[in-house]
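[1] Next comes the sequence, and after it the predicted model I'd like to discuss.
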Amino acid sequence: DEPVSDSHFATLQHAREWGFKIPPYIQQCHTIEEIMQFASHWEQQRHQLPFDIDGIVIKVDSFARQKILGFTAKSPRWAIAYKFKTERVTTRLLSIDYQVGRTGAITPVANLEPVQLGGTIVKRASLHNAEQMELLDIRLGDYVFVEKGGEIIPKVVGVDLTKRSDEVKPLVFITHCPECGTRLVKPEGEARHFCPNDEGCPPQIKGKLEHFVSRKAMDIAGAEATIDLLYNAGLVKTPADFYYLKKNQLTGLVRFGEKSADNLLTSIEQSKNNDLHRVIYAIGIRYVGETTARHLAGYFGSMDNLMKASREELLQVEEVGEKIADSIIEYFKNPAHREMIARMKEAGVNMQKLSSPSLQSEKLKGMTIVISGTFEKFSRDELKKLIEAHGGKNGSAVSSATSFLLAGKNIGPAKLEKAKKLGIKIISEDEFIHMIE
């Protein structure tokens, strides 16, 4: 059906007339000045609203232009969030704890004199890393400025030097892991310190297990709440161990009756049938999030192919740059990781990409196509879906492994030059449509 208007704003006004509940706070702006006036107005008036906000959203009004701009992997290119300046309070720094995350990252956390901020009492706030602590020149006993990042997470953003006592002394960041005692490392180019003992540091092990069973990963219901119990009992040390649990092991634990044991084992059994991208995300390769895991699964089709992929092959995958490619290669170099995956495979965990119900043909099977420029008939996102629907793979960069460069208007000069240099065939939108018809 034809839209009632090309204007997003006008469409919402029509929707209001039809009886839909459309907020009265939206406004159509025609200049940057009007946008900034709108933002300034609501930054001043936001506390008068019957709900909390931390900013506004600015959108391109034309649906046609929205379609041209398309989407990134995570958000539309035609909309952007404008965040208001956050509320700030002052309180005293009492002490600092050091937390160890599942990747081994060390996060210093400030313990504060309780203070009201954004509708809640704040007692703890992130200090991020050693560089940030040094930049702030923060010291125990200081009065610090605290804000909520995105109106949610408290963080220390400065020191009130006018209240500093002569007795406070500079802080020295810890040198060893507070949990396992291993000497910390600070990789080049990283802001944070890490504990390298990823196979022996309890918070890292438990963090990896919690990530593995989480809803967006293997979705093993009931396991998250029992990680401590299973780990402390010595039953689960790696993700593969979940698939070798026995009922009599579970019923011997505190708070574990027969029904709880049955429910957990049923959920573990069901998780064996998850699609490949969930497994890739679940095993916790550094820098590989949910979206990248989907691209890797779509491109390589099996865990075996991913494990033996070269750096050049990995760089062909959408959203995979050098940092992620190196991280993947490093992960699979570790014999313990390879053994864990072998044990999961032996237990019956699916390691193949399941067939996509949207596959229309295999006309592009074995082809890797890189898209560049803007197009008349389809958006870039629609073209990517068409490539996958006909069995092809989307490449992110032109290389010797590229089958075609699908070129639109305003094609990136670097991609065009490299395609010509490597002798890669360049095709138009119409040629591409003819290929899949």
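    Nice, thanks for sending it over.
[2] Can you pull out the low-pLDDT segments for the stretch 251-400 of the chain?
    For the stretch 251-400 of the chain, applying pLDDT under 70 flags the ranges 356-358.
[3] Where do the strands of it begin and end?
    Assigned by DSSP state E, counting those that start in this stretch, the stretch 251-400 of the chain shows strands spanning 368-372, 393-395.
[4] which strands and helices sit next to the first one?
    In this case it means strand 368-372. Counting contacts by 3 or more C-beta pairs under 8 Å, 6 or more residues apart in numbering; DSSP states H and E, strand 368-372 packs against helix 380-389, strand 393-395, strand 404-407, helix 413-422. (Glycine included, C-beta is placed from N, CA and C.)
[5] got a list of contacts for the first one?
    Surrounding helix 380-389, the residues in contact under the criterion C-beta atoms under 8 Å, 6 or more residues apart in numbering are 70-71, 298, 318, 356, 358-361, 364, 369, 371, 374-375, 378, 393-394, 406, 429, 432, 436.
[6] Which of the residues you listed are buried? Put it as a PyMOL command.
    Here is the PyMOL command that selects only those of the contacts of helix 380-389 that count as buried (16 or more other C-beta atoms under 10 Å):
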select buried, resi 70+298+318+364+369+371+375+378+393+394+406+429+432
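[7] Got phi/psi on residue 81?
    When read as degrees, to the nearest 10, the backbone of residue 81 gives phi -90, psi 130.
[8] Identify the residues contacting it.
    Residue 81 neighbours (C-beta under 8 Å, 6+ apart): 55, 56, 57, 58.
[9] burial of residue 174, as a residue count?
    When neighbours are counted by other C-beta atoms under 10 Å, residue 174 registers 14.
[10] Adjust the sequence numbering to begin at 22 for everything that follows.
    Got it, the first residue is 22 from now on, which makes the last one we talked about residue 195.
[11] does the spatially closest residue to it that is not a sequence neighbour count as helix, strand or coil?
    Nearest residue to residue 195 in three dimensions, chain neighbours excluded: residue 119, at 5.6 Å (C-beta to C-beta, 6 or more residues apart in numbering). Assigned with DSSP: H, G, I helix; E, B strand; the rest coil, residue 119 falls in the strand class.
[12] Roughly how far does residue 119 sit from residue 307?
    Distance, residue 119 to residue 307, by C-beta to C-beta, to the nearest Å: 20 Å.
[13] which SS state does the closest residue to residue 191 other than its chain neighbours fall under?
    Excluding its sequence neighbours, the residue lying closest to residue 191 (C-beta to C-beta, 6+ apart) is residue 160, at 6.1 Å. The local conformation at residue 160, judged by three-state DSSP, is coil.
[14] Count residues in the vicinity of residue 160, would you?
    Counted with other C-beta under 10 Å, residues neighbouring residue 160 total 17.
[15] I am assuming it contacts residue 192, so please confirm or correct that.
    Yes: taking contacts as C-beta atoms under 8 Å, residue 160 lies within contact range of residue 192: 5.9 Å.
[16] quick one on the thing from earlier: okay if I get the contacts of residue 102 as CSV plus secondary structure?
    Shown next, in CSV, are the contacts of residue 102 (three-state DSSP):
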residue, secondary structure
76, strand
77, strand
78, strand
79, strand
